[in-house]
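Trainee: Quick one, what's the 3D model for this:
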Amino acid sequence: MSEASILVADHGPVRVITLNRPAALNAFTAEMHGLLLPALQAAAADTSVRALVLTGAGRGFCAGQDLSDPAMVGQGIPDVGAVIEQRYRPLAEALYAMPVPTIAAVNGVAAGAGANIALGCDFVFAARSSSFIQAFSKIGLVPDAGGSWLLPRLVGRARAIGLAMTGDKLPAEEAERIGLIWKCVDDAALMDSVLTLATRLAAMPSRALAATRRVIDAGSRSTLAEAVTLEADTQRELGRAHDFAEGVAAFLAKRAPQFKDR
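Mentor: Numbering: from 1, shown residues only. This is a model prediction of the structure:
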């Protein structure tokens, strides 16, 4: 993996992917996209990886799209829609389809697409000094990178519209209070808190955790009958897997389970 704009490191079964353009607050460029998506795909394919952490180097998580990137400025009017389809949509879909739990460790600002990529993770931890900004209205655009889908599901229509239209900075403590993120922690405790949870999740039944994400996301756009049918189908599949048998056996034997499915 290139040591340019993306860094990859393993902490046992936890893979940490770091956006690494600190001088530009880790704003997205074509080069970064060209490395980040394969890094996510490699994590998904590697059966030794049982939890994924996404964070940023330096004093920010990600300031969104780098508007000075040649792929954006180029010649003539940029096709912003093509950038979304070709780059941000695959990133968002890769996160939603990850076969292991995902955690964003937000240090500093998370703005625009950077905010929505973070919010696409299963858990978002934010340093107390960090903030979230739906910056799109400031340049005449709408939330992207899955933001229009995520925001109303996380905080409801009123707050989603307010955050998106005003583009106001939302401090981490307020983001936790309104349910936008999982936890706001002291700056010095950010990575320790994230790695503690990631290590805990890595020891849990990965396939069941990924399926939990899937049924909850599907349930938000289903009827009750459809949701229960999906629950039954998913339980049928998981009930035939190793981890269910191991979990029951460990419970009955009063021992720690050894989960393996992914």
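Trainee: does Thr55 count as helix, strand or coil?
Mentor: Using DSSP: H, G, I helix; E, B strand; the rest coil as the criterion, the local structure at Thr55 reads strand.
Trainee: Spatially nearest residue to it (excluding sequence neighbours)?
Mentor: Once flanking residues are discounted, Thr55 sits nearest to Ala105: 3.9 Å by CB to CB, 6 or more residues apart in numbering. Every C-beta, even on glycine, is put in place using the N, C-alpha and C of the backbone.
Trainee: and Thr18, what element?
Mentor: For Thr18, the element it lies in under DSSP states H and E is strand 14-19.
Trainee: how about the helices in the stretch 101-250 of the chain?
Mentor: Chain-ordered helices for the stretch 101-250 of the chain, with DSSP state H, counting those that start in this stretch as the definition, fall at 113-119, 147-166, 172-177, 190-202, 206-219, 224-239, 242-253.
Trainee: Buried deepest among those, which one?
Mentor: helix 113-119 (a mean of 28; mean count of other CB atoms under 10 Å).
Trainee: for Ile11, what are its contacts?
Mentor: One correction, residue 11 is His, not Ile. Shown in contact with His11 (CB atoms under 8 Å, 6 or more residues apart in numbering): 195, 198-199.
Trainee: One more pass at 6 Å, please.
Mentor: Residues touching His11, when contacts are defined by CB atoms under 6 Å, 6 or more residues apart in numbering, are absent altogether.
Trainee: cool, and the one 3 residues further on?
Mentor: The neighbourhood of Val14, defined by CB under 6 Å, 6+ apart, consists of 51, 198, 202.
Trainee: What of Ala202?
Mentor: Neighbouring residues of Ala202 by CB under 6 Å, 6+ apart: 13-14, 50-51.
Trainee: Straight-line length of stretch 159-176, end to end?
Mentor: End-to-end span of stretch 159-176 (CA to CA, to the nearest Å): 13 Å.
Trainee: Also stretch 84-99?
Mentor: For stretch 84-99, the first-to-last residue distance is 23 Å (CA to CA).
Trainee: Give me the contacts around that stretch.
Mentor: Defining contact as CB under 6 Å, 6+ apart, one finds that stretch 84-99 is touched by 33, 37, 40, 44, 102, 113, 120, 144-146, 210, 262.
Trainee: of all these, which two lie farthest apart?
Mentor: Longest distance between any two of the contacts of stretch 84-99 is 30.5 Å, between Asp144 and Arg262; criterion CB to CB.
Trainee: what's the closest non-adjacent residue to Leu154?
Mentor: Beyond its immediate neighbours in the sequence, the residue positioned closest to Leu154 (CB to CB, 6+ apart) is Leu180, lying 5.3 Å away.
Trainee: And His33, by the same measure?
Mentor: Counting by CB to CB, 6+ apart, the nearest residue to His33 once its immediate chain neighbours are dropped is Arg87, at 4.5 Å.
Trainee: how many other residues sit next to Arg240?
Mentor: For Arg240, the neighbour count with other CB atoms under 10 Å is 9.
Trainee: re the thing from before, pick out whichever of the contacts of Val14 sits closest to Ala188.
Mentor: So of these, ranked by how close each gets to Ala188 (CB to CB), first place is Ala198, at 17.8 Å.
Trainee: which ones are touching the closest one?
Mentor: Applying CB under 6 Å, 6+ apart to Ala198 gives the contacts 14, 51, 53, 103.
Trainee: Report the two of those separated the most.
Mentor: Within the contacts of Ala198 (distances taken as CB to CB), the two that end up farthest apart are Val14 and Ile103, at 8.9 Å.
Trainee: if we can go back for a sec, out of the contacts of stretch 84-99, which is nearest to Leu238?
Mentor: After measuring the contacts of stretch 84-99 against Leu238 - CB to CB - the closest member comes out as Ala210, at 10.4 Å.
Trainee: Just the buried ones from the contacts of stretch 84-99?
Mentor: 33, 37, 40, 44, 102, 113, 120, 144-146, 210, 262 (16 or more other CB atoms under 10 Å).
Trainee: out of the residues you listed, which are inside strands?
Mentor: Thr102 (DSSP state E).
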